[in-house]
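Asker: kindly return the folded structure for what I paste below:
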Amino acid sequence: MINTNKPLSLTQAEIQDWESKDINSRKVECFSYEKTPGSNEYDNFWVVKPTRTVLNVVATYATEKEFEKANDFLINNCVIAGDTSSLEKDDDLYSGLLKDLSDLVKAKKKISRSSTSN
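Answerer: Residues are numbered from 1 along each chain as shown. Down below sits the predicted model:
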């Protein structure tokens, strides 16, 4: 179940305060989605990159075929503000946010170097 008791928005001061207290030094980003195509109304979510612990729990749920629990856990731990109740009513918004949260995770790419290089 998605936690709907989050602040609806964050001020710049609240973002700076959150970032200064985060032990993983994650940066807060704001994801915006049009409520309806062409409108000037948006659903905004302030998010952070998932930690390794969050990714491990999500993977555990996924291997147990508990996909909704995995998705909700990811949202609950990465969305720090926004109207999360709107995710219960809008499947496209829910899917878009999940995709964009997963895009925050970037694997490092291997570079080719000779074994004698430092």
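Asker: in which helix or strand would I find Ser112?
Answerer: Taking DSSP states H and E as the definition, one finds Ser112 inside no helix or strand.
Asker: residue contacts, it?
Answerer: By Cβ atoms under 8 Å, 6 or more residues apart in numbering, Ser112 lies in contact with nothing. From N, CA and C alone the C-beta is placed, and that goes for glycine too.
Asker: what of Leu87?
Answerer: Counting by Cβ under 8 Å, 6+ apart, Leu87 touches 2, 75, 93-94, 97.
Asker: now, among these, which is nearest to Ser20?
Answerer: Proximity of these to Ser20 (Cβ to Cβ) peaks at Ile75, which lies at 23.7 Å.
Asker: for that closest one, what are phi and psi?
Answerer: Per-residue torsions, Ile75: phi -60, psi -50 (degrees, to the nearest 10).
Asker: so what's it closest to, chain neighbours aside?
Answerer: Ile2 (5.6 Å; Cβ to Cβ, 6 or more residues apart in numbering).
Asker: Thr63 and Asn76: what is the separation?
Answerer: Going from Thr63 to Asn76 by Cβ to Cβ, to the nearest Å gives 19 Å.
Asker: these two: which is more packed in?
Answerer: Applying other Cβ atoms under 10 Å to Thr63 and Asn76 shows that Asn76 carries more neighbours, namely 15 against 9.
Asker: correct me, but the more buried one touches Ile2?
Answerer: Yes: Asn76 lies in contact with Ile2 (Cβ atoms under 8 Å); the separation is 6.4 Å.
Asker: which of the contacts of Leu87 sits closest to Arg52?
Answerer: Comparing the contacts of Leu87 against Arg52 with Cβ to Cβ places Ile75 closest, at 17.5 Å.
Asker: can you pull out the strands in this protein?
Answerer: For the chain, strands defined by DSSP state E occupy the ranges 29-34, 42-47, 79-82.
Asker: pick the most deeply packed of the ones you listed.
Answerer: strand 79-82 (a mean of 21; mean count of other Cβ atoms under 10 Å).
Asker: averaged pLDDT, it. What do you get?
Answerer: Taken as a whole, strand 79-82 has a mean pLDDT of 97.
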